[in-house]
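Peer 1: Predicted model, plus sequence, below.
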Amino acid sequence: MKNLIVALFFIVGSLTVFSQDNRNFYELKALTIDGKEFDFSSLKGKKVLIVNTASKCGNTPQYAKLEELHKRYGGDEFIILGFPANNFLNQEPGTNEEIKEFCSLNYGLTFQMMSKISLKRE
């Protein structure tokens, strides 16, 4: 759980950057790892866990715990959104396709992974 909290810290900072144009959380949109638009308005009324992920990180085993959490509580009231990023020590160098394949083969992920993002202002 400690690793999960650290990951949340990074992504929350990123959402602050995204929302500097005065939009609220439910007005945001992002791309899924498959390139489809994901409208955050679909999250109204749900508890949402947003996690920064990386496939070549010491915390990569968090995928297993996140999947367990998703299988146990996920559904109409709780959703996990995984946002891969490569901003920290080059720990997510892969493409969306490579990330998706890695997560599927190694962890059997079924929670919603999003398209790779940058957590730093460019």
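Peer 2: Now that the structure is in, tell me what you want to look at. Numbering: from 1, shown residues only.
Peer 1: Hmm, Gly74 is touching Ile80, no?
Peer 2: Yes: counting by C-beta atoms under 8 Å, Gly74 touches Ile80, with 6.6 Å between them. To be clear about C-beta, it is placed using only N, CA and C from the backbone, and glycine gets the same treatment.
Peer 1: got any residues that touch both of the two?
Peer 2: Residues touching both Gly74 and Ile80 (C-beta atoms under 8 Å, 6 or more residues apart in numbering) are Phe111.
Peer 1: Dihedrals phi and psi, the residue positioned nearest the centre of the chain?
Peer 2: Geometric centre of the chain, nearest residue: Gly82, 1.7 Å, by C-alpha atoms, centre = their mean. Backbone torsions of Gly82, given as degrees, to the nearest 10, read phi -100, psi 120.
Peer 1: same deal with the one 4 residues further on?
Peer 2: Main-chain dihedrals, Asn86, degrees, to the nearest 10: phi -110, psi 20.
Peer 1: who's in contact with it?
Peer 2: 54, 92-93, 116, 118.
Peer 1: That one and Gly58, how far apart?
Peer 2: Applying C-beta to C-beta, to the nearest Å, one obtains 15 Å for the distance of Asn86 from Gly58.
Peer 1: And Lys46, by the same measure?
Peer 2: Using C-beta to C-beta, one obtains 30 Å as the distance from Lys46 to Gly58.
Peer 1: same thing with Leu31?
Peer 2: Leu31 is 27 Å from Gly58, by C-beta to C-beta.
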